[in-house]
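pasting the sequence and the predicted coordinates here, then a few questions.
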Amino acid sequence: MKCILDISLLLAPDPNTAEFLMLINAHQAMLRRICRLYCPDADDQQDLFQEIVLQLWRAFPRYEPRGAKISTWMYRIGLNVAVSDLRHRTRKPTPDRLNPQIIEVAQASDLGTDTTETAALYRAIEWLSEVEKAFVLLYLEEHTYEEMADILGITQNNVRVKMHRIQEKLRRIFSRSAQWN
């Protein structure tokens, strides 16, 4: 998939521009999954994607290769921008309305072939807070607890505790939804 945003048209040419565009293209799928999870509307997803890319560009000169992996660094910025955007939109999620792109994300992440179960999972995820969604997204991307801790800037023990609480919360949501059906 070609990156829709052509930053080279907006920025003065320099050696970092080509490297940055290569990184965006290489990690575009990951960034778009973040956008899909946090924005139900395709236009909002594109706006969020562009905002994430802009924030990555602004932070790019300060990236230290000796620190976090580039994908971890990009993930952290992407999640922070998505959470901030969600807070600014002040809309509450409507769990009874399933986002059609959620199915696409689930299929892309190889959750399984049962779209009914996948749809139910993502309906339940819509009930989670923006921070809890970040944990679930990282889990679905098959990140280790160590990687999750690096991305989120917390300890591995904190990741374990939060993941346990999120799993319990999802069990309660599934339990209630089973009673409604």
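Noted; the coordinates are in hand.

beyond the worst-scoring helix or strand of the chain on mean pLDDT, next helix or strand please.
Least confident helix or strand of the chain, by mean pLDDT, DSSP states H and E, is helix 100-108 with a mean of 45. Helices and strands here follow DSSP states H and E; after helix 100-108, the next one along the chain is helix 115-125.

please save the CA atoms from that following helix in CSV.
The C-alpha trace of helix 115-125 is given here as CSV (Å, rounded to 0.1, in the frame of the first residue of the first chain):
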residue,chain,number,x,y,z
THR,A,115,-16.3,-13.3,12.1
THR,A,116,-19.2,-13.6,14.6
GLU,A,117,-16.7,-14.1,17.5
THR,A,118,-14.4,-11.4,16.0
ALA,A,119,-17.2,-8.9,15.8
ALA,A,120,-18.3,-9.7,19.3
LEU,A,121,-14.7,-9.1,20.5
TYR,A,122,-14.5,-5.7,18.8
ARG,A,123,-17.9,-4.7,20.1
ALA,A,124,-16.7,-5.5,23.6
ILE,A,125,-13.5,-3.5,22.9
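
buried set for the longest helix along the chain?
Longest helix of the chain, by residue count under DSSP state H: helix 156-180. Neighbour-count burial for helix 156-180, with 16 or more other CB atoms under 10 Å as criterion, is recorded at Val159, Lys162, Met163, Ile166, Leu170, Ile173. From N, CA and C alone the C-beta is placed, and that goes for glycine too.
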